[in-house]
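Trainee: Quick check, what structure comes out for this input:
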Amino acid sequence: MAVAVVAMPATTTAAATPTAAPASESAGTRSGTTGGWNDYSCKPSAAHPRAVVLVHGTFGNSVDNWLGLAPYLVRRGYCVFSLDYGQLPGKPFFHGLGPIEDSARQLAAYVDKVLAATGTDKVDIVGHSQGGMMPRQYLKFLGGAPKVNALIGIAPSNHGTTLSGLAELADKFPPIGDVVDEIGPALLQQKEGSDFLKKLNAGGDTVPGVKYTVIATRYDEVVTPYKTQFLEGPDVKNVTLQELCPLNISEHLAVALVDRMAWHETANALDPAHATPTTCFS
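Mentor: A predicted model of the protein is given here:
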C-alpha cells in the first residue's frame, strides 16, 4: 500500500544530479544568477527566440527536478525558467500535489510572467511526469495554445498510470484511495481512467498550433504501461530512448534527472532545425 502512495508519478529530491553550472555568454543578457536559470533579465537570442519553462513532476520542485537539465539548456544559449506549482499547506519542498486544474492556472500565470519579462510572444514548455501532462490542461482549457510553441514531455502521465497494477488498489479498497487523496488530489487524478484524464483527453490529445514531443523509457516503473505516455495527433513526435540506444536503462526519475540522451532529445525538440542524431554517446 505504501508503494501505491509514494510511487505515483513523481520526482525526488534524493536522486543524484549534476551540480548546476554557470550560464554561457551566448545566453543573452544575464545578471549571473546561481545556476543561470530563473534570471528575469535574460533576453532570448535570435538563435533561441523563446524562453523555456520547466515544469516539475509530482513531489518535485522548481530546483531539484532541474539541477541537470536547466544548466544544460542554459549552456546552449536558452533563457530558462522553472516554477513551483501544486503546493499544499504543511507540505514544503514537495509540490505538484494539489488539484491539477489549479496547477494549470498557476502555470498560466507563470507563463504570462515569463512572457512579460522576456518581451516575447511564446514560450516552449518542458515537463517531467505530471509536469509533462499538466500543461495540456493549460493549452486546452485555459487559452494557453497561442502562447506556447512546443510542449516536450519527459515520461509524462498523459493517459494515466496503472502503476504496474497497484493503482487498482485505490478502486478495490476505498480506504487506500482516501489515504492517497489526503496526500494530494493530483495523485488519483493521474490514475488511468480518472475523470480528470477522461476530460483532458476527450476529443483528441492535442490542440492546433502546438508541437508535441514525448520522451519515454521502456523501464518506466511509475507511468505504466510506458506507451500510455505517447500522444496521437498532428505535430507529435513520440520517442522511446531504447530505440535510439538499447543500452539505455533509465527509469522514471533518471530519465529526467541524469539522462543526457533525454536532454539531447529535448534540445532537438526545442531547435529541430539544428537537431542532431541522439545516440548512446549523446
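Trainee: For the residue nearest the centre of the chain, pull up the helix or strand it's in.
Mentor: Residue closest to the mean C-alpha point of the chain, counted by Cα atoms, centre = their mean, is Gly127 at 1.3 Å. Per DSSP states H and E, Gly127 falls inside strand 123-128.
Trainee: Then Gly193?
Mentor: Using DSSP H and E, Gly193 is not contained in any helix or strand.
Trainee: Just give the nearest non-adjacent residue to it, would you?
Mentor: Counting by Cβ to Cβ, 6 or more residues apart in numbering, the nearest residue to Gly193 once its immediate chain neighbours are dropped is Gly160, at 6.4 Å. For every residue, glycine as well, the C-beta is placed using N, CA and C.
Trainee: count of residues packed around Leu247?
Mentor: Using other Cβ atoms under 10 Å, Leu247 has 8 other residues around it.
Trainee: For it, which non-adjacent residue is spatially closest?
Mentor: Using Cβ to Cβ, 6+ apart and skipping the chain neighbours, the partner closest in space to Leu247 is Cys280 (5.5 Å).
Trainee: Need the per-residue pLDDT for the one you found.
Mentor: Looking at Cys280, its pLDDT is 96.
Trainee: now do Val180
Mentor: pLDDT, Val180: 53.
Trainee: Please apply the same query to the one 5 residues further on.
Mentor: According to the predicted model, the pLDDT of Pro185 comes to 93.
Trainee: quick one: it from Gly203, how far?
Mentor: 24 Å (Cβ to Cβ, to the nearest Å).
Trainee: Just want to know which of those two has more residues nearby.
Mentor: Per other Cβ under 10 Å, whichever of Pro185 and Gly203 has more neighbours is Pro185, with 20 against 8.
Trainee: Any idea how many residues pack against the closest residue to that one other than its chain neighbours?
Mentor: Closest residue to Pro185 apart from its sequence neighbours, by Cβ to Cβ, 6+ apart: Pro99 at 4.7 Å. Pro99 has 15 neighbours, counted by other Cβ under 10 Å.
Trainee: was I right about Cys280 contacting Glu243?
Mentor: No - under the criterion of Cβ atoms under 8 Å, Cys280 is not in contact with Glu243, lying 11.8 Å apart.
Trainee: By mean pLDDT, flag the weakest helix or strand of this protein.
Mentor: Least confident element among the helices and strands of the chain, by mean pLDDT, DSSP states H and E: helix 2-6 (a mean of 34).
Trainee: Which SSE is immediately downstream of that one?
Mentor: Note on helix 2-6: by DSSP H and E, the next helix or strand toward the C-terminus is strand 51-55.
Trainee: Strands along the stretch 101-250 of the chain, start to end?
Mentor: In the stretch 101-250 of the chain, the segments counted as strands under DSSP state E, counting those that start in this stretch are 123-128, 148-154, 211-216, 236-240.
Trainee: can you list these in a markdown table and add distance to Asp195 and mean pLDDT?
Mentor: Shown next, in a markdown table, are these (distance: least, Cβ to Cβ, whole Å; pLDDT from 0 to 100):
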| stretch | distance to Asp195 | mean pLDDT |
| --- | --- | --- |
| strand 123-128 | 22 | 98 |
| strand 148-154 | 21 | 98 |
| strand 211-216 | 23 | 98 |
| strand 236-240 | 24 | 98 |
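Trainee: hey, which of those strands is tucked in deepest?
Mentor: Among the strands of the stretch 101-250 of the chain, strand 123-128 has the highest mean neighbour count (mean count of other Cβ atoms under 10 Å), at a mean of 28.
Trainee: Output the below-cut-off pLDDT ranges for the stretch 151-282 of the chain.
Mentor: 164-182 (pLDDT under 70).
Trainee: any chance you could map the helices in it?
Mentor: Assigned by DSSP state H, counting those that start in this stretch, the helices in the stretch 151-282 of the chain fall at 169-172, 174-183, 185-189, 195-201, 241-244, 254-257, 260-270.
Trainee: Which of these sits closest to Glu221?
Mentor: Closest to Glu221 of the helices of the stretch 151-282 of the chain is helix 254-257 (Cβ to Cβ; 10.8 Å).
Trainee: what's the distance between that closest one and the middle of its chain?
Mentor: Centroid displacement of helix 254-257 relative to its chain, using Cα atoms, centre = their mean, to the nearest Å, is 11 Å.
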